[in-house]
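Visitor: this one's sequence-less:
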């Protein structure tokens, strides 16, 4: 059995840096500034994806993110603003350049065994052509990264977050060296030239089907994957995404021509009447409405799966001491329910959205937690977010308060997602 690994949760910038260059109304739609601990140094040259010129042609507002120049929004398109592109993705189709993420392949006869040491998924029993969300823990039980692992039949493919090369790759390489030295067969290869495009929204399948003549996309359910000819190029396609909508992520090889194959795919998608290009600003507000974690905010090296309310991704068949990196802490928190903080969602009925780092208080006015993601929901027209609080305060309906602009205002703990998910699970 071979495994592909594809990240759902590439971290997205939220842009304190843009507050001086964007209008006030647009800034308020953005979630809080992210703690990009892994971002490139300010004086380091920024890298560009193969779609850089395409972004410029659309009036892309380019910002530094994880060592790359990426568009936060588009100024020359009809629906290029954060608000309009967010709502358009919920109603039709938005496309996103996520080529700043790095593809990594794991090969060898023992690749599944190796990957089960590195993540918490049950890969041995994962059906061919299907994926599962998983986590890469460190030795202390914190989360290094979140990813989707897909059994594609031949090898293991992982897409890591922008700016994570100096973190994820050494971690994998160190464990791989020990694994191989023990006599096992596995190897790792990176794919820095590949492009990656996300096609998201309720009409995504209708649009993409026009470019896929040899397969019926209705046969692909949520988390399914296949090698398909897309716009004349052999691509690796997963039915997944980071918006809560139906959609696909398409891995595109560079090809032999002067222009990268991903450019032709991008142009072909934009030529469809339902499609708009979407930048990182709306990508973040979409994932927030969907209740999806943003690495660097809602998850980090110190946060365990139990704290992040992600125990559902720790497969029951994997809950054996020593079975994976970090299992001691992770399994102890499962058995003893000993996590002292938990991630939960909240809404702010009235007032300004809470931002990352805002203090959360209980009914007695005691500081009990912190906001990790927060912003304005274009669909709900109110502030939403995620915070970490003691477990007894995470029940839906719990009334707390949060400090916003020096004043406390009420928040209500609520279940996530904030907006219903529309993943395709088969049928009409």
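Guide: Yep, that arrived. Every value quoted in this text rests on a predicted model; they were computed, and no experiment measured them.
Visitor: would you list every one of the helices in the protein?
Guide: Ranges of helices in the chain, per DSSP state H, are 24-27, 52-57, 82-91, 111-118, 165-181, 204-209, 261-270, 280-289, 327-336.
Visitor: Let me know which of these is tucked in deepest.
Guide: Highest mean neighbour count among the helices of the chain (mean count of other CB atoms under 10 Å): helix 280-289, with a mean of 28. Where C-beta positions appear, they are placed from N, C-alpha and C, glycine not excepted.
Visitor: Pull the distance from that helix to the chain's centre.
Guide: Distance of helix 280-289 from the chain centroid (CA atoms, centre = their mean, to the nearest Å) equals 10 Å.
Visitor: got the angle between that helix and helix 82-91?
Guide: Angle, helix 280-289 to helix 82-91, by axes from the mean of the first three to the mean of the last three CA atoms, to 10 degrees: 50 degrees.
Visitor: Which other helices and strands does helix 280-289 contact?
Guide: In terms of contacts (3 or more CB pairs under 8 Å, 6 or more residues apart in numbering; DSSP states H and E), helix 280-289 is packed against strand 68-74, helix 82-91, strand 93-97, strand 367-377, strand 382-389.
Visitor: mind running it again at 10 Å?
Guide: Counting contacts by 3 or more CB pairs under 10 Å, 6 or more residues apart in numbering; DSSP states H and E, helix 280-289 packs against strand 60-65, strand 68-74, helix 82-91, strand 93-97, strand 195-200, strand 367-377, strand 382-389.
Visitor: wait, which of the helices of the chain is closest to residue 342?
Guide: For residue 342, the closest of the helices of the chain is helix 327-336, at 10.7 Å, according to CB to CB.
Visitor: Please enumerate residues in contact with the closest one?
Guide: Helix 327-336 is contacted from outside by 117, 120, 135, 137-143, 304-307, 311, 314, 316, 318-324, 338-340, using CB atoms under 10 Å, 6 or more residues apart in numbering.
Visitor: Ok, stretch 258-269 next?
Guide: Residues from elsewhere that reach stretch 258-269, judged by CB under 10 Å, 6+ apart: 49-55, 58, 93, 95, 97, 99, 193-197, 199, 204, 207-208, 210-211, 230-235, 250-255, 257, 275-277.
Visitor: among the residues you listed, which ones are buried?
Guide: Neighbour-count burial (16 or more other CB atoms under 10 Å) is assigned, among those, to 49-52, 54-55, 58, 93, 95, 97, 99, 194-197, 199, 204, 207-208, 211, 230-231, 233, 235, 250-255, 275-277.
Visitor: ok so, going back, need the buried ones from the contacts of helix 327-336 selected in PyMOL.
Guide: Buried residues within the contacts of helix 327-336, by 16+ other CB under 10 Å, are selected in PyMOL with:
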select buried, resi 117+120+135+137+138+141+142+143+304+305+306+307+311+314+318+319+324+339
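Visitor: quick one on the thing from earlier: in CSV: the helices of the chain, plus distance to residue 381.
Guide: CSV is the format used below for the helices of the chain (distance: least, CB to CB, whole Å):
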stretch, distance to residue 381
helix 24-27, 14
helix 52-57, 29
helix 82-91, 11
helix 111-118, 42
helix 165-181, 37
helix 204-209, 25
helix 261-270, 29
helix 280-289, 11
helix 327-336, 37
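Visitor: Turn those into CSV, including distance to residue 44 and mean pLDDT.
Guide: Compiled in CSV, those are given as follows (distance: least, CB to CB, whole Å; pLDDT from 0 to 100):
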stretch, distance to residue 44, mean pLDDT
helix 24-27, 26, 30
helix 52-57, 17, 98
helix 82-91, 27, 98
helix 111-118, 28, 96
helix 165-181, 12, 95
helix 204-209, 35, 98
helix 261-270, 24, 98
helix 280-289, 19, 98
helix 327-336, 34, 97
